[in-house]
Structures are given as C-alpha cells and as structure tokens.
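# requesting a structural model of the entry that follows:
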Amino acid sequence: MAVAAGDKAPDFTLPGTGGRSYSLSEFAGRPVVLVFYPGDDTAVCTKQLNSYNNELAAFEGVGAQVLAISAQDMTSHEDFSRRNGFGFPLLADTDKAVANLYGTLGPLGFPRRSVFVVDSTGTLRYVHRAIAGLTFRPVDELIEAVRTAG
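You can find the predicted model right below:
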C-alpha cells in the first residue's frame, strides 16, 4: 500500500550530485520537498526542475529543502545538473526501491512524476502522484503546501 498524507515518510539514503549521499533523516527539523521525476534530459522533467530551480529562493524562504529523485545513474545526474545549474541535489534511485516505498511506480515499472512534502517532524503533509505526468505541480502550490504543513 502506498504512503499517504499523514503517514511517516519512509527514510532512505541515496547517492546524489555533489559527490555525496543524502538521507531524508538528515533534514529532520525542516520541511523537505521530494520530487520524483521520470528522467534526466526529458522535455517535461527539464522544464519542471528548471522551474523549481528558478524559484529556489521561494523554497528556501519557507525553510524547505528540495530533493529530486529518479532512476538514472550518477553520471547522468551529474551531467544533467551541470548543464542546468541545479541548486538542489539529484538523487539516483537506480533500483527504484525508494520510488517503490513512496508508491510512485506506474504499472510498467516506470516512475511517475510525483511530489511529496515532508514536514519538520518527518510526516507526509502533501502527496501528488501524476497519472500521465505531462504536467507538473507549480511552485506556488508547493510553497503553500510547505506553509500549511507547519
């Protein structure tokens, strides 16, 4: 059964850009916006992550850390991040274990575009799993979700 708003966010540790690994638990005490995206260098994913990057100050203004997760390997992530200048880490979930924990895998095993807001206590306060994934959640909606998460 997939996690839902009000559930404790499953902890994880994944390799990420910047030459280190990231754990959800290391951000305890502050909100986290988990962005699951289907793939590096794809049209909608590039637009989505650039949108979040362009408004990174808004996320920082509410104390939120953005973490973007997909199944590509670190070489792909490092190249994608470098080309776009992302100010948040891209995490490699190559075996899709974290995507599975959060219920973001579609029927054919491909990750669906999904966003989760984890509050400062580690509780999921906002959950959005896209069906088709042709659009993405706007920054202002995510900022409001962080604000109401408390």
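
# all strands for the chain, in order.
In the chain, the strands defined using DSSP state E lie at 13-16, 20-23, 32-36, 65-70, 90-92, 114-118, 124-129.

# turn these into CSV, columns for distance to Gly103, mean neighbour count and mean pLDDT.
Where you see a C-beta, it was placed from the backbone N, CA and C, and this is true even at glycine. Output for the strands of the chain, formatted as CSV (distance: least, C-beta to C-beta, whole Å; neighbours: other C-beta atoms under 10 Å; pLDDT from 0 to 100):
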stretch, distance to Gly103, mean neighbour count, mean pLDDT
strand 13-16, 17, 18, 98
strand 20-23, 20, 14, 98
strand 32-36, 10, 25, 97
strand 65-70, 13, 23, 97
strand 90-92, 17, 25, 98
strand 114-118, 8, 25, 96
strand 124-129, 7, 19, 94
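
# which ones are touching Ile69?
Each residue near Ile69 by C-beta atoms under 8 Å, 6 or more residues apart in numbering is listed here: 14, 34-37, 90-91, 93, 98-99.

# buried residues, stretch 129-143. List them.
Neighbour counts using 16 or more other C-beta atoms under 10 Å place 129-130, 133, 136-137, 139, 142-143 of stretch 129-143 among the buried residues.

# dump that stretch to PDB, restricted to CA.
The C-alpha trace of stretch 129-143 is given here as PDB (Å, rounded to 0.1, in the frame of the first residue of the first chain):
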ATOM      1  CA  ARG A 129       1.200  11.300  -7.900                       C
ATOM      2  CA  ALA A 130       0.500  12.200 -11.600                       C
ATOM      3  CA  ILE A 131      -1.400   9.800 -13.700                       C
ATOM      4  CA  ALA A 132       0.100  10.800 -17.100                       C
ATOM      5  CA  GLY A 133       2.900  13.100 -15.900                       C
ATOM      6  CA  LEU A 134       2.600  15.600 -18.800                       C
ATOM      7  CA  THR A 135       2.400  18.500 -16.400                       C
ATOM      8  CA  PHE A 136       3.900  19.200 -13.000                       C
ATOM      9  CA  ARG A 137       2.900  20.900  -9.800                       C
ATOM     10  CA  PRO A 138       3.600  24.600  -9.800                       C
ATOM     11  CA  VAL A 139       6.000  26.200  -7.300                       C
ATOM     12  CA  ASP A 140       3.300  28.300  -5.600                       C
ATOM     13  CA  GLU A 141       1.200  25.200  -4.900                       C
ATOM     14  CA  LEU A 142       4.200  23.500  -3.300                       C
ATOM     15  CA  ILE A 143       5.200  26.600  -1.300                       C
END
